[in-house]
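# How does the following fold in three dimensions:
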Amino acid sequence: MRVITGTARGRKLQTPAGTAVRPTSDMVKEAVFSIIQFEVEGARVLDLFAGSGQMGIEALSRGARSCVFVDNAKDSLAAVRENLRSCNLAHSARVMAGDALSFLRQYQGEPFDIVFVDPPYAGELAAGALSALSPHISPSGIVLCEADRDVALPEIVGSLILKKQYRYGKTKVAQYRVWESV
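Numbers count the residues shown, from 1 in each chain. A predicted model of the protein is given here:
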């Protein structure tokens, strides 16, 4: 697994050992960054359920202003920190240990422009995270939620509306935007 482009292009990223982390495939990562290619520069990014941190690191490498990485696994947090260090991107990042939903309930900072949500495929964490994210997204923000292709994600959750879904093998990426009432 490597950084695709930007200042850290080609840098190899560590992944925590074991099966607890399911890294986003290169095909899915390239597709996601094609979707948001014109929104990354200067963006405030949140990488929820960060795992290795590859999505947030890719965003930082492509010019995002900052990224907050959230995960509750010690091995994942160590991998994120090491990957940020090896890519020389730690100065633009905050790594937060803890549960993603608790982080969102307590978060008081600036809204995020881009959010990557990639919870474990088993369970209902995706819908819960989307609901908790709603007040923390900038008006022009985007949320990209990775899930198993058979998981039903909500069409409207809080201020977010499902705009499009993309399928890549067994993976689905759902694109949410802030819903504006007319």
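
# Now for the closest residue in space to Ala43 that isn't next to it in sequence: which residues touch it?
Take Ala43 and drop its neighbours on the chain: the residue closest to it by CB to CB, 6 or more residues apart in numbering is Asp113, 3.9 Å away. C-beta coordinates here come from the backbone N, C-alpha and C atoms, glycine included. Asp113 sits next to 39, 43-45, 138, 140-142 when contact means CB atoms under 8 Å, 6 or more residues apart in numbering.

# do you know how far Asp113 is from Lys163?
16 Å (CB to CB, to the nearest Å).

# Ok, Ser66 next?
When Ser66 is compared with Lys163 (using CB to CB), they lie 24 Å apart.

# Run through the neighbouring helices and strands of the helix ranked longest in the chain.
Ordering each helix of the chain by length in residues (DSSP state H) puts helix 74-86 first. The contact analysis (3 or more CB pairs under 8 Å, 6 or more residues apart in numbering; DSSP states H and E) places helix 74-86 against helix 54-61, strand 66-71, strand 93-97.

# which residues touch Phe103?
Applying CB under 8 Å, 6+ apart to Phe103 gives the contacts 48, 70, 96.

# Apply 10 Å and report the result again.
By CB atoms under 10 Å, 6 or more residues apart in numbering, the contact list for Phe103 reads 46, 48, 68, 70-72, 96-97, 129, 132, 136.

# now it, what's its secondary structure?
helix (DSSP: H, G, I helix; E, B strand; the rest coil).

# re the thing from before, is it possible to get the contacts of Phe103 out as CSV so that each row also shows pLDDT, distance to Thr15 and neighbour count?
Listed next are the contacts of Phe103 as CSV, based on pLDDT from 0 to 100; distance: CB to CB, whole Å; neighbours: other CB atoms under 10 Å:
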residue, pLDDT, distance to Thr15, neighbour count
Leu46, 98, 20, 33
Leu48, 95, 17, 29
Val68, 98, 20, 20
Val70, 97, 17, 26
Asp71, 95, 13, 27
Asn72, 92, 17, 15
Met96, 97, 19, 20
Ala97, 96, 18, 13
Ala129, 90, 21, 23
Ala132, 92, 26, 19
His136, 95, 27, 20
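
# Out of these, which comes closest to Ser86?
If you rank the contacts of Phe103 by distance to Ser86 using CB to CB, Asp71 comes first, at 17.6 Å.

# May I have the secondary structure class of the residue nearest to that closest one when sequence neighbours are not counted?
Among residues not flanking Asp71 along the chain, Ala50 sits closest, at 4.4 Å (CB to CB, 6+ apart). Of the three states, Ala50 takes coil according to three-state DSSP.

# Isn't Ala50 up against Arg94?
No - assessed by CB atoms under 10 Å, Ala50 is found out of contact with Arg94, at 11.1 Å.

# can you list residues touching both of these two?
67-70.

# Of all residues in this protein, which one is nearest the centre?
Centroid-nearest residue in the chain, with CA atoms, centre = their mean: Phe116, separated by 1.9 Å.
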